[in-house]
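Undergrad: below are the sequence and a predicted model for it; my questions follow.
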Amino acid sequence: MYIFAYLRASTRQQDAERAKNSLQQFVAERGHRVASWYVENVSGASLQRPELMRLLENASPGDALLIEQVDRLSRLDDAGWVKLKELINSKSLSIVSLDLPTSYVALENQRSDDFTAAMLRAINAMMLDMLAAIARKDYQDRRRRQQEGIKKAVEQGKFKGKQANHQMHKNVIKLRLHNGMSIRETANT
């Protein structure tokens, strides 16, 4: 069994190193090590995640996908979550999440009896579904509150949105129209 760690941050300002250290310590305490790290800065609400797809391509049946929290794996809507689960299940991967202690059994060297293993798989599947739904709800709630805050700030005249960069627009017009530069040349200037 190989352990593939997946780290996702929504913004460039978020640092994956803290999570990486937590995951390294977690597997070391259980006598394992991470075979490969997959790190990306994309929204968890999108299935368009090149590093996650690369992880799924590289993984083999019986490998483990290690995450810090379920919301790092998914803030997807129901259809997206079902699709991601299908991709994970098609590879027969175990998901091990630091916020889901029942998932730790996937890293144990001793295998339990068939009944216990089946029960733990069912419990983990249910818990993953619940945590993914909670992550999606949290994502939607934060977006709604953000929009409410922006609306209130606009009404009070405190928020004007991103302001146009008039100087940059003038420069683009000058370079494109007056100097005849291509879009690529203009962008590189």
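TA: Arrived safely, thanks for sending.
Undergrad: can you give me the pLDDT of the nearest residue to S43 once chain neighbours are set aside?
TA: Once flanking residues are discounted, S43 sits nearest to S10: 5.7 Å by Cβ to Cβ, 6 or more residues apart in numbering. Bear in mind the C-beta positions are built from the backbone N, C-alpha and C, glycine included. As predicted, S10 sits at a pLDDT of 73.
Undergrad: correct me, but S10 touches G44?
TA: Yes. Between S10 and G44 there is a contact under Cβ atoms under 8 Å: 6.9 Å.
Undergrad: ok, now how distant is the residue nearest to S43 from S92?
TA: In this view, S10 and S92 are 29 Å apart by Cβ to Cβ, to the nearest Å.
Undergrad: which of those two has more neighbours?
TA: Per other Cβ atoms under 10 Å, whichever of S10 and S92 has more neighbours is S10, with 15 against 11.
Undergrad: ok, now how distant is the more buried one from A117?
TA: 35 Å.
Undergrad: swap in V34?
TA: Taking Cβ to Cβ, one finds V34 at 24 Å from A117.
Undergrad: the more surrounded of those two?
TA: V34 (17 against 12).
Undergrad: now do the same for the more buried one: helix, strand or coil?
TA: coil (DSSP: H, G, I helix; E, B strand; the rest coil).
Undergrad: ok, it - contacts?
TA: Contacts for V34 (Cβ atoms under 8 Å, 6 or more residues apart in numbering) come out as 3-5, 23-24, 27, 66.
Undergrad: hmm, 10 Å instead?
TA: Listed by Cβ atoms under 10 Å, 6 or more residues apart in numbering, the contact partners of V34 are 2-5, 20, 23-24, 26-28, 64, 66.
Undergrad: okay, and which of those map to strands?
TA: Among the contacts of V34, DSSP state E puts 3-5, 64, 66 in strands.
Undergrad: if I read this right, L120 contacts V96, doesn't it?
TA: No. Contact between L120 and V96 fails when scored by Cβ atoms under 10 Å: they sit 12.0 Å apart.
Undergrad: quick one, phi/psi of W37?
TA: phi -110, psi 140 (degrees, to the nearest 10).
Undergrad: excluding its backbone neighbours, what's nearest it?
TA: Closest to W37 by Cβ to Cβ, 6+ apart is A5, at 5.1 Å.
Undergrad: number of residues surrounding I150?
TA: Close neighbours of I150, defined as other Cβ under 10 Å, add up to 13.
Undergrad: can you tell me the SS state at it?
TA: Here I150 is recorded as helix under three-state DSSP.
Undergrad: what's the closest non-adjacent residue to it?
TA: Excluding its sequence neighbours, the residue lying closest to I150 (Cβ to Cβ, 6+ apart) is F159, at 5.7 Å.
Undergrad: touching, the one you found and G149? I think so.
TA: Yes. Contact criterion Cβ under 10 Å: F159 and G149 qualify, at 8.4 Å.
Undergrad: return the set of residues that bridge with I3.
TA: A64 (DSSP bridges).
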